[in-house]
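> Coordinates only, no sequence provided:
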């Protein structure tokens, strides 16, 4: 795995924080963290889009962010665990992994940064 894909995964990780922040932020520091997470997330996604097709970057970013947000809401915020939701999120992740596996980077493997 090259650093471009790592940037996509880190961007999705920060997406979870800002999505949760949009729902739960209620003071200056929570909103500050939310805004910082948005900036980091979108910056990394934009940088990754220079070397990987933008449609794939966005699909992986949103898919992983959605899964992370759903699992975080269940674990940390008491959302009910519904097997149907988990099955559908799993199906989404299978599609995201499939996209990653069939997508070729725009640069050679050894030239990532």
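Happy to help now that I have it. Computed from a predicted model, the values in this text were never measured in an experiment.

> Can you tell me the centre-most residue of the protein?
In the chain, the residue lying closest to the centroid (Cα atoms, centre = their mean) is residue 12, at 1.8 Å.

> could you say what helices and strands the longest helix seen in the chain packs with?
For the chain, the longest helix by residue count, based on DSSP state H, is helix 54-77. On a contact count with 3 or more Cβ pairs under 8 Å, 6 or more residues apart in numbering; DSSP states H and E, helix 54-77 meets helix 3-24, helix 28-48, helix 83-102. Just so you know, the C-beta spots here come from the backbone N, C-alpha and C atoms, and that holds for glycine as well.

> any idea of the angle that helix forms with helix 28-48?
For helix 54-77 against helix 28-48, the angle by axes from the mean of the first three to the mean of the last three Cα atoms, to 10 degrees is 150 degrees.

> For helix 54-77, buried residues please.
56-57, 59-61, 63-71, 73 (16 or more other Cβ atoms under 10 Å).

> for the closest residue to residue 12 other than its chain neighbours, what are its contacts?
Once flanking residues are discounted, residue 12 sits nearest to residue 64: 3.6 Å by Cβ to Cβ, 6 or more residues apart in numbering. By Cβ atoms under 8 Å, 6 or more residues apart in numbering, the residues touching residue 64 are 8-9, 12-13, 15, 93, 96.

> Hmm, residue 30 and residue 24 touching each other?
Yes: taking contacts as Cβ atoms under 8 Å, residue 24 lies within contact range of residue 30: 7.1 Å.

> For the contacts of residue 64, give me JSON lines that also has pLDDT and distance to residue 50.
Below are these laid out as JSON lines (pLDDT from 0 to 100; distance: Cβ to Cβ, whole Å):
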{"residue": "8", "pLDDT": "93", "distance to residue 50": "12"}
{"residue": "9", "pLDDT": "93", "distance to residue 50": "16"}
{"residue": "12", "pLDDT": "94", "distance to residue 50": "17"}
{"residue": "13", "pLDDT": "94", "distance to residue 50": "20"}
{"residue": "15", "pLDDT": "95", "distance to residue 50": "19"}
{"residue": "93", "pLDDT": "85", "distance to residue 50": "25"}
{"residue": "96", "pLDDT": "81", "distance to residue 50": "20"}
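
> I'm done for today, thanks for sticking with me.
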